[in-house]
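Chemist: Have a look; sequence and predicted model below, questions after that.
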Amino acid sequence: MIVMISNHDLDECEKELGTRCEQIFTPESRHATKRPECDFCIDNGAFIRFDVVSFFSLLERERPRRDLCRFVAVPDVVGSARRTLEVFDDWKLKLTGWSLAFVCQDGQENLPIPWKEIAAIFIGGTTDWKLSHHASSCIKAAKAIGKWVHVGRVNTPGRFEYFESLGADSIDGTGLSRYTHMREAIARNYAEPKLL
């Protein structure tokens, strides 16, 4: 599973985690590119506050490397699958040429996912929903049809192990991007033998 890191040295993070790291860009942080020749992804920043101008500016900056972009998280409404679907329908045409990720939110289990229009799903939503069987069903469906699965806000060993076991392709977390002790905790948990 790939760990998407925003603002830290990717080589150092890979060493601490023992897994591949790539860069995630967000409109609010706009960190410099660490590995210009490597794959990356773009989040829309809606979890904090969606800024249309900064989002478009980031897309324009990264346009020359668009073929390396695993996905762009289409703007979403945190905690509402219905509103996110409405926003997706408006934004998908504004993002032509990019690989799109649909952000799954609370209530997604009762609504369709626009599979034919996306390259990936991004598991968002509230913490309770993200850890529910509804979110795991979205992941299983995505894997069954060959879509990339990304999960946001994964900062603990337990969540890392859980989403890896479900087959997530990549994860991110603010704590993982910022703190060595969080990365080392995941690596320690991974290295410790598990009792059967």
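Modeler: Received, thanks. Numbers count the residues shown, from 1 in each chain.
Chemist: Do a quick rundown of the strands in the chain.
Modeler: Assigned by DSSP state E, the strands in the chain fall at 2-5, 21-25, 40-42, 69-73, 100-104, 120-123, 148-151, 170-172.
Chemist: which other residues reach the last one?
Modeler: Looking back up the chat, that one is strand 170-172. 1-6, 22, 24, 41, 43, 70, 148-154, 159-160, 163 (C-beta atoms under 8 Å, 6 or more residues apart in numbering). Glycine gets a C-beta too; all of them are placed from N, C-alpha and C.
Chemist: one step back: now render the strands of the chain as JSON lines, adding distance to Ser80.
Modeler: Below are the strands of the chain laid out as JSON lines (distance: least, C-beta to C-beta, whole Å):
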{"stretch": "strand 2-5", "distance to Ser80": "24"}
{"stretch": "strand 21-25", "distance to Ser80": "23"}
{"stretch": "strand 40-42", "distance to Ser80": "22"}
{"stretch": "strand 69-73", "distance to Ser80": "15"}
{"stretch": "strand 100-104", "distance to Ser80": "11"}
{"stretch": "strand 120-123", "distance to Ser80": "15"}
{"stretch": "strand 148-151", "distance to Ser80": "18"}
{"stretch": "strand 170-172", "distance to Ser80": "21"}
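Chemist: could you dump these to CSV with mean pLDDT, distance to Glu86 and mean neighbour count?
Modeler: Listed next are these as CSV, based on pLDDT from 0 to 100; distance: least, C-beta to C-beta, whole Å; neighbours: other C-beta atoms under 10 Å:
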stretch, mean pLDDT, distance to Glu86, mean neighbour count
strand 2-5, 98, 27, 23
strand 21-25, 97, 25, 24
strand 40-42, 98, 21, 23
strand 69-73, 98, 16, 23
strand 100-104, 98, 12, 26
strand 120-123, 98, 17, 26
strand 148-151, 98, 22, 25
strand 170-172, 98, 25, 25
